[in-house]
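Participant: what's the 3D shape of this:
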Amino acid sequence: MSAAREGLVVASHGRHCVVESSDGQRRICHPRGKRNQSVVGDRVLWKPAAPGASRGHGDEGTIERVQERRNLFYRQDEVRTKSFAANLDQILILLAAEPVFSESQLARALIAAEAAGITPLIALNKSDLVEPFERAWQRLLPYRHMGGDTPGQAHHYRVLPLSLAQCAEVDRTALLAQLQGKATLVLGPSGAGKSTLVNLLVPGAAAQTGEISQALNSGRHTTTSTTWYWMDAERSTALIDSPGFQEFGLRHIAATALAHHMPDLAAHAGSCRFYNCTHLHEPGCAVRAQVADAADATCQDGTISANRYRIYAELFEELSAAPRY
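Facilitator: As a prediction, this is how the structure comes out:
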């Protein structure tokens, strides 16, 4: 009986996944049980399928065990959990000046990243569209000023301008510096330029996607699932392309933990009069005391933007509500 070998899950579709072994070879693998417990980015132990046991073309294998994960990035609504990828170093949230992005969706993705302990990076595409970009850049002002030297905040969100249409070298250089040596999941709404970004940074990505799609018999482009791409021959820098989404549920996060995962609120939450303050109505709430006037979008002095606080209140209500099913 052959010994189990180590591998990396680089694509997944239904009960099948593609596992890359240490020599760079990739093969279709199937779970040992009925359900596929592995996600892209998982380190697994697998065994080659017994002679004649392959269900498709070429060499195949069986996943024996999923190794312990460093982290898992996922969303959860009332009905189901959707995992994006595991063992990530950072998440690149790609937005665009047009179409107008949803700040609520941005906040949800950032909260999920914080909860998973994964560093987020925000990039705003289409800087060549001068006026729309200026409006979008202004909307991101609270995120650009969040954290840094403010007491109580360990980090801030890095926000990069991009023009993927112009393939500006200065943009590409700045982005590559942030990606080097890391496994980065690219997340973004439709129209933000995710496919353009992947094809720009990973030559041959479209061909790889086609091969994986054909191997998995999905019969369609695998942007419907998550795919891992190496950006260098040394396989030290990876870009993970994820499917788009309309909703981003946060049911896996308790309402009472929400403020902890929003750095601008967390910086003041420890100073509230009550330890179990919801930051919604209690007297002596240090968070509400820092909420800026709706007309003030700068928030450079550690205040909390009115929009961010509104999103917090809406999410708190959503996560406090009893399931409808």
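
Participant: the bottom helix or strand of this structure by mean pLDDT?
Facilitator: When each helix and strand of the chain is scored by mean pLDDT, DSSP states H and E, helix 205-215 comes last, with a mean of 65.

Participant: quick one, helices of the stretch 51-200 of the chain?
Facilitator: 103-116, 130-139, 141-145, 169-179, 194-201 (DSSP state H, counting those that start in this stretch).

Participant: which among the ones you listed is found nearest to Cys272?
Facilitator: Closest of the helices of the stretch 51-200 of the chain to Cys272 is helix 103-116, at 19.4 Å (criterion: C-beta to C-beta). (Each C-beta comes from the backbone N, C-alpha and C, glycine too.)

Participant: residues making contact with that closest one?
Facilitator: Contact partners of helix 103-116, identified using C-beta atoms under 8 Å, 6 or more residues apart in numbering, comprise 71-75, 88, 91, 93, 95, 119-120, 122, 139, 143, 157, 187, 189, 248, 250, 252-253, 257-258, 261-263, 307-308, 311, 314-315.

Participant: any weak-confidence spans in the stretch 201-325 of the chain?
Facilitator: The stretch 201-325 of the chain contains residues with pLDDT under 70 at 206-224, 294-301, 324-325.

Participant: can you check the stretch 1-150 of the chain too?
Facilitator: Within the stretch 1-150 of the chain, the stretches with pLDDT under 70 are 1, 34, 51-58, 147-150.

Participant: how does it look with 50?
Facilitator: Applying pLDDT under 50 to the stretch 1-150 of the chain flags the ranges 56-57, 147-150.

Participant: how about the strands in it?
Facilitator: Ranges of strands in the stretch 1-150 of the chain, per DSSP state E, counting those that start in this stretch, are 5-13, 16-21, 26-31, 43-48, 60-66, 72-76, 81-86, 90-96, 119-125.

Participant: out of these, which is closest to Ala321?
Facilitator: strand 72-76 (14.4 Å).

Participant: who touches that closest one?
Facilitator: Strand 72-76 has contacts (C-beta under 8 Å, 6+ apart) with 39, 81-86, 88, 91, 108, 112-113, 116, 118, 185, 245, 247-252.

Participant: show the buried residues in those.
Facilitator: Among the contacts of strand 72-76, the ones that count as buried by 16 or more other C-beta atoms under 10 Å are 39, 82-86, 88, 91, 108, 112-113, 116, 118, 185, 245, 248-250.

Participant: from Leu258, how far out is Leu140?
Facilitator: Distance of Leu140 to Leu258, given as C-beta to C-beta, to the nearest Å: 21 Å.

Participant: compare these two and say which is more crowded by neighbours.
Facilitator: Leu258 (24 against 19; other C-beta atoms under 10 Å).

Participant: okay, that one and Phe316: tell me how far apart.
Facilitator: Using C-beta to C-beta, Leu258 is found at 6 Å from Phe316.

Participant: same question, Lys82
Facilitator: Look at Lys82 and Phe316: by C-beta to C-beta, they are 22 Å apart.

Participant: what pairs with the residue lying closest to Val186 once chain neighbours are set aside across the strands?
Facilitator: Nearest residue to Val186 in three dimensions, chain neighbours excluded: Leu92, at 5.0 Å (C-beta to C-beta, 6 or more residues apart in numbering). Counting by DSSP bridges, Leu92 forms beta bridges with Leu121, Val186.

Participant: tell me which element Glu282 falls in.
Facilitator: For Glu282, there is no enclosing helix or strand under DSSP states H and E.

Participant: verify the contact between it and Tyr275 for me.
Facilitator: No: contact criterion C-beta atoms under 8 Å: Glu282 and Tyr275 do not qualify, at 10.7 Å.

Participant: burial of Glu314, as a residue count?
Facilitator: Quick note: Glu314 (other C-beta under 10 Å) scores 12 neighbours.
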